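Trainee: Everything below, folded, please.
(2 chains)
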Amino acid sequence: ETGVTQTPRHLVMGMTNKKSLKCEQHLGHNAMYWYKQSAKKPLELMFVYNFKEQTENNSVPSRFSPECPNSSHLFLHLHTLQPEDSALYLCASSQAGLGYGYTFGSGTRLTVV
Amino acid sequence: GQNIDQPTEMTATEGAIVQINCTYQTSGFNGLFWYQQHAGEAPTFLSYNVLDGLEEKGRFSSFLSRSKGYSYLLLKELQMKDSASYLCAVRGEGATNKLIFGTGTLLAVQP
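Mentor: The predicted structure is shown next:
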């Protein structure tokens, strides 16, 4: 499989649950990103990883915990979320450095009940 | 602060031409991207501008004026499948490769 794959596509979780989102890229990229997409709002950058190292945390609440075990995999661990965290969570990858665009996954539609 | 503005919604007719504008105010500038996103799908790359001028790619063209903080995406010979959101994104200052996105413009193409 090529491109950026995100699982699950849809997730419904209670506020006391713990779940994880997974992202995998088969493009040989060395930078990976998590974005949050809410209705009527711009994509919000959450985390950036370059060569497995976190280089950006955009003031994201600690109930979101990223993990990047290697350049091909990225996880977002979720716990004690709030209903306002319901959104589409998009993963993207790129080559590190300027001039390279992103390849996005199809996202995980998260609903917190 | 960082701000990227684009219209929220636009409507156009099949076969026509539409121009989607984007203005930006960012800390530094290292390139502007346009993405297309169909409902429920991943955003896909359309174009990249880092120097002033027009970049043409088939039915799609993108223009950049760095002095004005302005870009537009031009779609020609509109087709129904062009109905989607169009996202403008800017790479700001520094060595980071992060992109700052606008809210997106939802384009509806009508018969």
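Trainee: what about residue 107, how many residues close to it?
Mentor: Defaulting to chain A. If you count neighbours by other Cβ atoms under 10 Å in any protein chain shown, residue A:107 ends up with 25. Any C-beta I mention is one placed from the backbone N, CA and C, and that applies to glycine too.
Trainee: Oops, wrong one, chain B.
Mentor: Residues near residue B:107, counting by other Cβ under 10 Å, number 21.
Trainee: helices and strands around the one helix or strand it maps to, which ones?
Mentor: Per DSSP states H and E: residue B:107 is located in strand B:105-110. For strand B:105-110, the packing partners by 3 or more Cβ pairs under 8 Å, 6 or more residues apart in numbering or on different chains; DSSP states H and E come out as strand B:9-13, strand B:18-25, strand B:84-91.
Trainee: Pick the most deeply packed of the ones you listed.
Mentor: Mean neighbour count (mean count of other Cβ atoms under 10 Å in any protein chain shown) peaks for strand B:84-91 among the helices and strands packed on strand B:105-110, with a mean of 24.
Trainee: Taking strand B:9-13 as reference, get the angle to it.
Mentor: Counting by axes from the mean of the first three to the mean of the last three Cα atoms, to 10 degrees, strand B:84-91 lies at 130 degrees to strand B:9-13.
Trainee: Any chance you could list what contacts whatever helix or strand comes next after strand B:84-91?
Mentor: For strand B:84-91, the succeeding helix or strand toward the C-terminus, using DSSP H and E, is strand B:99-101. For strand B:99-101, the surrounding residues in contact (Cβ atoms under 8 Å, 6 or more residues apart in numbering or on different chains) are A:35, A:42-43, A:45, A:102, B:2, B:4, B:26, B:33, B:87-92.
Trainee: Can you name the residues of chain A sitting close to chain B?
Mentor: Contact residues (Cβ under 8 Å from any Cβ of the partner chain) of chain A with chain B: A:4, A:31, A:33, A:35, A:40-43, A:45, A:48, A:50, A:55-56, A:90, A:94, A:96-107.
Trainee: Kindly write the PyMOL command that selects the buried subset of these.
Mentor: Per 16 or more other Cβ atoms under 10 Å in any protein chain shown, the buried members of these correspond to this PyMOL selection:
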select buried, chain A and resi 4+31+33+35+42+43+45+48+50+56+90+94+96+100+101+102+103+104+105+106+107
